[in-house]
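*Asks:* give me a model of this one.
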Amino acid sequence: MDGWLSRVISSSYSHISSTIIPLQAHTHLISHEGPVYSMVSTDHLLISGGTGIVKAWNWSDLIRKTSKEVWSKKPPFRSTVDVPEINCMLLNEKAGFLMLGCGDSRVYMLDLESGTCKLFLSGHTDYVHCLAQRDQIGEVLSGSEDGTVRHWDCRTGGMVQCINVSAQKDCARPEIGSWIGCLATDSDWMVCGGGPLLSLWHLRSVTPAAVFALPGSHHAVRFYEDLIIAAGTSRMIDHCQVNGQVRSRIPCSLPFVYSLAASHHCTERQLLTAAGGSHKIDAFINLGYRAFSLAFS
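*Replies:* Purely as a prediction, here's the structure:
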């Protein structure tokens, strides 16, 4: 896909911001009985999370339009009656594990190849919305409906620290809520948002270094080069600087954005994509404008 998009942005589409490129599905895969809440991919595997179950397929099989599962696993949930959803997943190919943030307030670690559960992290009091990994292989952060970001050491299964974001008055928005809908890490820094305002935190001192007074709730955020890029319910892609300044706000065609992805394979131009509450995926060139949208029929 990265190679195909690279060719597209070098074509005449790259200067027509209203272009909608229709796409036909290569394969229809009925993966879960209910909704698919989360997906991640490796060069070889496609992994999806639904209600109480996570499944994996080989990309080579999907390209051949076959749908044989590599594995299908159910984490050891506390209840077999009220089965929780798998809201988010975090992949670490180097360490060979897959983290699941679930509706039972726990985070589970699965072995990537076998799908077996290696450990679970318990401490949140409400469902987990998002996960992020520090540069160190064994450390993960989770954001929850309970309003906290929890920092875990996956080598021991213990919690390093708990950050109550809304306890900081500059971050709190009680009229919206305290839930944490997105987070990202970069070395000793963490950025998060949701009910509270988007804010940048220093993990060692556990203090907010910057708070971004932006409208709406953020559901997706990432560090990209020297920027923090975030989006959510405002129909904007927000470009923020680590010094607390908002560099720009780029219009987006989606009513809600739940996912942001940046291409690292296109050397000519920077490419950012946004997906969410629409059948379209918006593509932004050099981060500065919406060049085109991909529409699935």
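*Asks:* so H202 sits against D188, correct?
*Replies:* Yes. If you go by Cβ atoms under 8 Å, H202 and D188 touch, sitting 6.1 Å apart. C-beta: built from backbone N, CA, C; applies to glycine.
*Asks:* Y108: which element?
*Replies:* Here Y108, judged by DSSP states H and E, is contained in strand 106-111.
*Asks:* okay, helices next: where are they in the stretch 51-200 of the chain?
*Replies:* With DSSP state H, counting those that start in this stretch as the criterion, the stretch 51-200 of the chain has helices at 59-63.
*Asks:* quick one: low-confidence ranges for the stretch 151-297 of the chain?
*Replies:* Within the stretch 151-297 of the chain, the stretches with pLDDT under 70 are 264-268.
*Asks:* so which residues of it form strands?
*Replies:* Secondary structure of the stretch 151-297 of the chain by DSSP state E, counting those that start in this stretch: the strands cover 158-164, 180-186, 189-194, 198-202, 207-212, 218-224, 227-232, 236-241, 246-251, 257-262, 271-276, 280-285, 289-296.
*Asks:* show residues contacting the shortest one.
*Replies:* By that I understand strand 198-202. The contact list for strand 198-202 (Cβ atoms under 8 Å, 6 or more residues apart in numbering) reads 149, 163, 165, 168, 170-171, 188-193, 207-212, 214, 218, 221, 228, 230, 238, 240, 242, 244.
*Asks:* identify the bridge partners of the residue nearest to G193 when sequence neighbours are not counted.
*Replies:* Computed as Cβ to Cβ, 6 or more residues apart in numbering, the closest residue to G193 that is not its neighbour in sequence is H218, at 3.5 Å. Beta-bridge partners recorded for H218 (DSSP bridges): G232.
*Asks:* can I assume H218 is in contact with C182?
*Replies:* Yes. The criterion here is Cβ under 8 Å, and H218 meets it with C182 at 5.5 Å.
*Asks:* in this structure V242 contacts I228, no?
*Replies:* Yes. Using Cβ under 8 Å, V242 and I228 qualify as a contacting pair, with a distance of 6.8 Å.
*Asks:* show me which of those two is the more surrounded one.
*Replies:* Each of V242 and I228 has its neighbours counted (other Cβ atoms under 10 Å); I228 has more, 24 against 15.
*Asks:* that one bridge partners, please.
*Replies:* Note on I228: beta-bridge partners by DSSP bridges are F223, C240.
*Asks:* what about the residue nearest to G96 when sequence neighbours are not counted, how many residues nearby?
*Replies:* Once flanking residues are discounted, G96 sits nearest to L112: 4.8 Å by Cβ to Cβ, 6+ apart. By the criterion of other Cβ under 10 Å, L112 has 18 neighbours.
*Asks:* surely L112 is in contact with F97?
*Replies:* Yes. Between L112 and F97 there is a contact at 5.9 Å, judged by Cβ under 8 Å.
*Asks:* tell me the confidence at the residue nearest to G96?
*Replies:* With respect to pLDDT, L112 has a value of 84.
*Asks:* quick one, what contacts it?
*Replies:* T42, L45, L91, E93, G96, F97, L98.
*Asks:* contact partners for L294?
*Replies:* Residues counted as contacts of L294 (Cβ under 8 Å, 6+ apart) are I20, I21, L23, K280, I281, A283.
*Asks:* and what of H151?
*Replies:* E139, V140, L141, M159, V160, Q161, C162, I163, L203.
*Asks:* for it, give its distance to L260.
*Replies:* Distance of H151 to L260, computed by Cβ to Cβ, to the nearest Å: 22 Å.
*Asks:* excluding its backbone neighbours, what's nearest P196?
*Replies:* C171 (4.2 Å).
*Asks:* go on, M159?
*Replies:* In space, M159 is closest to G123, 5.2 Å off (Cβ to Cβ, 6+ apart).
*Asks:* alright, that wraps it up for me.
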